[in-house]
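**Student:** Sequence and predicted model, in that order:
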Amino acid sequence: MWYSPWLFKRIWMESCGLTELDLQSINPVMVFGGSFVLCCLIAFSLSLFIGANVNVGVAVGTGFIIGLCWVSCALGIGYLFEQRPLKLFLVNASYSILQFSIIGLVLGLWP
């Protein structure tokens with residue numbers, strides 16, 4: 001949804017230099033399947049990091065801080081060297097912050 005026409009698709013495509021034709025040529029099984037597997041790995045590693053029996057606030061806060069301070073900063077370093085647009089960084093970094101926060105929420109609510 002984040003990269004959909006309803007939110008940031010246009011900004012993302014423009015900043016990456018992608019066209020609709022580029023998107024039509026991707027292998028959706030590889031992209032979405034690979035994304036699912038990687039997201040599961042992220043969730044698993046975050047669950048190991050925060051541990052068992054953690055409250056929701058701590059889990060969400062931990063996910064948020066990891067997304068903001070670790071992932072976004074790592075993306076930012078690469079983007080600076082690659083001279084990528086600030087708009088692209090903001091879209092991708094905010095996605096990571098939201099992703100880790102939501103994973104933290106799910107883990108915090110998990111019985």
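**Tutor:** Right, received. Where do you want to start? Numbers count the residues shown, from 1 in each chain.
**Student:** from the middle of its chain, how far away would the lowest-mean-pLDDT helix or strand in the chain be?
**Tutor:** Across the helices and strands of the chain, mean pLDDT, DSSP states H and E gives its lowest value to helix 20-24, namely a mean of 93. Distance, stretch centre to chain centre, for helix 20-24: 21 Å (C-alpha atoms, centre = their mean, to the nearest Å).
**Student:** And stretch 82-96, by the same measure?
**Tutor:** 11 Å.
**Student:** on that earlier part again, what's the next helix or strand after the least confident helix or strand of the chain packed up against?
**Tutor:** Remark: after helix 20-24, the chain's next helix or strand is helix 28-50, criterion DSSP states H and E. Contact here means 3 or more C-beta pairs under 8 Å, 6 or more residues apart in numbering; DSSP states H and E; on that basis helix 28-50 packs against helix 56-65, helix 86-109. (Glycine included, C-beta is placed from N, CA and C.)
**Student:** Report the angle between the first one and helix 86-109.
**Tutor:** The one in question is helix 56-65. 160 degrees (axes from the mean of the first three to the mean of the last three C-alpha atoms, to 10 degrees).
**Student:** Mind listing what's buried along stretch 25-36?
**Tutor:** By 16 or more other C-beta atoms under 10 Å, stretch 25-36 has no buried positions at all.
**Student:** do the same with stretch 99-107
**Tutor:** 99-101, 103-107.
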